[in-house]
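# here's my sequence, what's the structure:
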Amino acid sequence: MSVSNSIKIIQNIMRKDTGIDGDAQRIGQLCWMFFLKILDDQDQELELLRSDYISPVPAEFQWRNWAADPEGITGEGLLDFINDELFPKLKELPIEGTNAARRRVVRNVFRDALNFMKSGQLIRQVINKVSEIDFNDLSQRSHFGEVYEKILNDLQNAGNAGEYYTPRAVTQFMVDRIDPKPGESLFDPACGTGGFLTCAIRHMRDHYVRRPEQEAEMQSALRAVEKKPLPHILCTTNMLLHGVEDPSFVRHDNTLARPYISWEQKDRVDIVLTNPPFGGKEEDGTENNFPSNFRTKETADLFLALIIRLLKKDGRAAVVLPDGTMFGDGIKNALKEHLLEECNLHTIVRLPNSVFKPYASIGTNLLFFEKGGPTKDIWFYEHRVVEGQKAYSMTKPIRFAYFQDCIDWWGGEKRESRMETELAWKVSIDEVKERDFNLDIKNPNTVEAELEDPETLLAKLQEAEAETAALRDKLKSILSEALAR
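Presented below is the predicted three-dimensional model:
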């Protein structure tokens, strides 16, 4: 049976349980189970490869020893084992000694996890289906990656909290343009479920990782923080799924809660790739961690200020920001002025409103910049919805291939030989200053549709309203005659 069908069966089983209420709880339940199964499969592989390897999970709580037998413990006994033994012990797992970092990962995951299911029989059915998936089988692991993304898409309500799960095509494009290499420190300060991290890992493995030491160098240079429990667990599990041995670098914390000035030179990174939450508000007082000229409750603005500080000299970043940051004034202006003084904001890719559907219909921009020198010119590139579609949607999402025109125009690593086209235009820093740092600059090469004069349009509207009123009266007359019969 395919992994996809197994997931559908699991979700249907969970719907029968009275303890599961909605997608978030179903995903939370799936998450700790997948985490333990993926961890145990990875442990067994490491035990074969390294004679000194010891699993971070005590033997009695390893998936192979309590869950793998389809005829094993079930009913109330299974429920009691999970609630009274498994969860309490893993939540307080000691983190000293051998494999301490990996033990910390297990403990952090289970401190945020909950068992929502109330039927031991149904839990056993779910566990048996999870056990059928072999995460050491590369074909199953690859297919599960697609299923995993489908699970993430079930978190539709994330957009209500100012969080937008970045389409894979967008993360892939941003990573492709930044081109991270093993050993370069790479940070996502609001990592969500780990989309940028997994894309960066794939990119480096495809292009640069050829030896075990390069793989180790790549993994040791990853950094990430996620504020909310469920995305944090999903990200940690995602890292295991992608062959990361020690995902303890994914911290469950609020990046913005740390004072701005406390980020020292030793904290600086080579690369930032992120889609910070926007539209949301931080807790009262969080803005006081920042200098007075950057203080705001808009999360996207706070993250932008922090990203500028976090980059090393010659460090590079790709960041998703909403249109509001482009045209906003006040503190937003101070931030943009700071960005343009401290960094070379060399490219802004403007995306259509439909890219983030169904989470939100909001205009977004991809900002690419490098730390170390002021901006002299900004290139804008307008990405349009692919021909044949009016908008992107869940059934017809944006794809990486749709960025190919932009990649061809980009001009390689040094961005050489760029030319103005129907979709690309250049703006000088002097013009930006004249516009009072308003970066909401429309494509000057777009020919606006010619509109008729207002009086003609008004006359046509009045004519249409009169026709509508006449049709309404005629319909009323017909209905009145029918009722009189």
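
# now for Trp425: which residues touch it?
Trp379, Phe380, Ile441, Asn443, Pro444, Asn445 (C-beta atoms under 8 Å, 6 or more residues apart in numbering). Bear in mind the C-beta positions are built from the backbone N, C-alpha and C, glycine included.

# which strand in this structure has the most residues?
strand 311-322 (DSSP state E).

# what lies in contact with the helix or strand that it is followed by?
For strand 311-322, the succeeding helix or strand toward the C-terminus, using DSSP states H and E, is helix 323-327. The contact list for helix 323-327 (C-beta under 8 Å, 6+ apart) reads 278, 298, 300-301, 304, 332, 335-336, 362-365, 438-440.

# now do stretch 187-200
Counting by C-beta under 8 Å, 6+ apart, 152, 163, 165-166, 168, 171-172, 174-175, 180, 186, 222-227, 231, 234-235, 238-239, 242, 250, 255, 269, 271-277, 299, 303, 306-307, 310 sit against stretch 187-200.

# please enumerate the strands of this structure.
186-188, 222-226, 250-252, 269-274, 311-322, 343-351, 364-371, 377-382, 424-428.

# please name the nearest non-neighbouring residue to Gln42.
In space, and not counting its chain neighbours, Gln42 is closest to Leu240: 6.0 Å by C-beta to C-beta, 6 or more residues apart in numbering.

# tally of neighbours for the one you found?
Other residues near Leu240 come to 22 when the count uses other C-beta atoms under 10 Å.

# can you check Phe187 too?
27.

# check Glu431 too.
A total of 12 residues lie near Glu431 under the criterion other C-beta under 10 Å.

# so where's this protein shaky on pLDDT?
1-4, 138-164, 279-281, 357-361, 447-460, 482-485 (pLDDT under 70).

# what's the distance between the nearest residue to Arg102 once chain neighbours are set aside and Ile308?
In this structure, Arg102 finds its nearest non-sequential neighbour in Pro56, 4.1 Å apart by C-beta to C-beta, 6+ apart. Pro56 sits at a distance of 37 Å from Ile308 (criterion: C-beta to C-beta, to the nearest Å).

# wait, Ile348 touches Asp377, no?
No. Under the criterion of C-beta atoms under 8 Å, Ile348 is not in contact with Asp377, lying 11.4 Å apart.

# more crowded one of the two?
Between Ile348 and Asp377, counted using other C-beta under 10 Å, the more crowded position is Ile348 (20 against 15).

# which residues touch that one?
Contacts of Ile348 by C-beta under 8 Å, 6+ apart are Asn365, Leu366, Leu367, Phe368, Ile378, Trp379, Phe380, Tyr381, Leu439.

# out of these, who has the most neighbours?
That'd be Leu439 among the contacts of Ile348, by other C-beta under 10 Å, with 25 neighbours.

# hmm, that residue is touching Ile429, no?
No. Counting by C-beta under 8 Å, Leu439 stays clear of Ile429, with 11.2 Å between them.

# what touches both of those two?
Ile378.

# hang on, the earlier thing: write the ChimeraX selection for whichever of the contacts of stretch 187-200 are buried.
The buried residues among those can be selected in ChimeraX (16 or more other C-beta atoms under 10 Å) with this line:
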select :152,163,165,166,168,171,172,174,175,180,186,222,223,224,225,226,227,231,234,235,238,239,242,250,255,269,271,272,273,274,275,276,277,299,303,306,307,310
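
# now the closest residue to Phe173 other than its chain neighbours: how far from Trp409?
Nearest non-adjacent residue to Phe173, counting by C-beta to C-beta, 6+ apart: Phe403, 4.5 Å away. From Phe403 over to Trp409 the distance is 10 Å, taken as C-beta to C-beta.

# OK, contacts around the closest residue to Ser55 other than its chain neighbours?
Leaving aside its sequence neighbours, Ser55 sits nearest to Asp43 (C-beta to C-beta, 6+ apart; 4.3 Å). Asp43 is in contact with Tyr53, Ser55, Pro56, Val57, Gln62, counting by C-beta under 8 Å, 6+ apart.

# and the first one, how many neighbours?
Residue crowding around Tyr53 was assessed by other C-beta under 10 Å; the count is 16.

# can you pull the phi and psi angles for it?
The phi and psi values for Tyr53, taken as degrees, to the nearest 10, are phi -80, psi 140.

# ok, the second one next?
Dihedral pair for Ser55: phi -60, psi 140, per degrees, to the nearest 10.

# right, and Asp134 touches Asp41 too?
Yes. Counting by C-beta under 8 Å, Asp134 does reach Asp41; the two are 6.7 Å apart.

# give me the domain ranges for this protein.
3-134, 156-434 (automatic domain parsing).

# in CSV: those domains, plus distance to Glu465.
Output for these, formatted as CSV (distance: least, C-beta to C-beta, whole Å):
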stretch, distance to Glu465
domain 3-134, 44
domain 156-434, 27
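
# can you tell which of those domains is closest to Glu467?
domain 156-434 (27.1 Å; C-beta to C-beta).

# returning to what we had before: Phe116: which of the contacts of Ile348 is nearest?
The nearest one, if we look at the contacts of Ile348 relative to Phe116 and count by C-beta to C-beta, is Leu366, at 37.4 Å.

# tally of neighbours for the residue nearest to that closest one when sequence neighbours are not counted?
Nearest non-adjacent residue to Leu366, counting by C-beta to C-beta, 6+ apart: Val349, 4.1 Å away. By other C-beta under 10 Å, the residues close to Val349 number 25.

# and the gap between Leu471 and Leu479?
For Leu471, the distance to Leu479 - C-beta to C-beta - is 13 Å.

# now do Tyr402
Remark: distance between Tyr402 and Leu479 (C-beta to C-beta) = 50 Å.

# have a look at those two and say which one is more surrounded.
Tyr402 (18 against 10).

# which ones are touching the more buried one?
Contacts of Tyr402 by C-beta under 8 Å, 6+ apart are Ala169, His383, Val386.

# repeat that for 6 Å
Val386 (C-beta atoms under 6 Å, 6 or more residues apart in numbering).

# grab the nearest non-local neighbour of Glu341.
Once flanking residues are discounted, Glu341 sits nearest to Pro374: 5.3 Å by C-beta to C-beta, 6+ apart.

# shouldn't that neighbour be in contact with Glu342?
No. Using C-beta atoms under 6 Å, Pro374 is not in contact with Glu342, being 7.5 Å away.

# okay, the two: which has more neighbours?
Of the pair Pro374 and Glu342, Glu342 is the one with more neighbours under other C-beta under 10 Å, namely 17 against 12.
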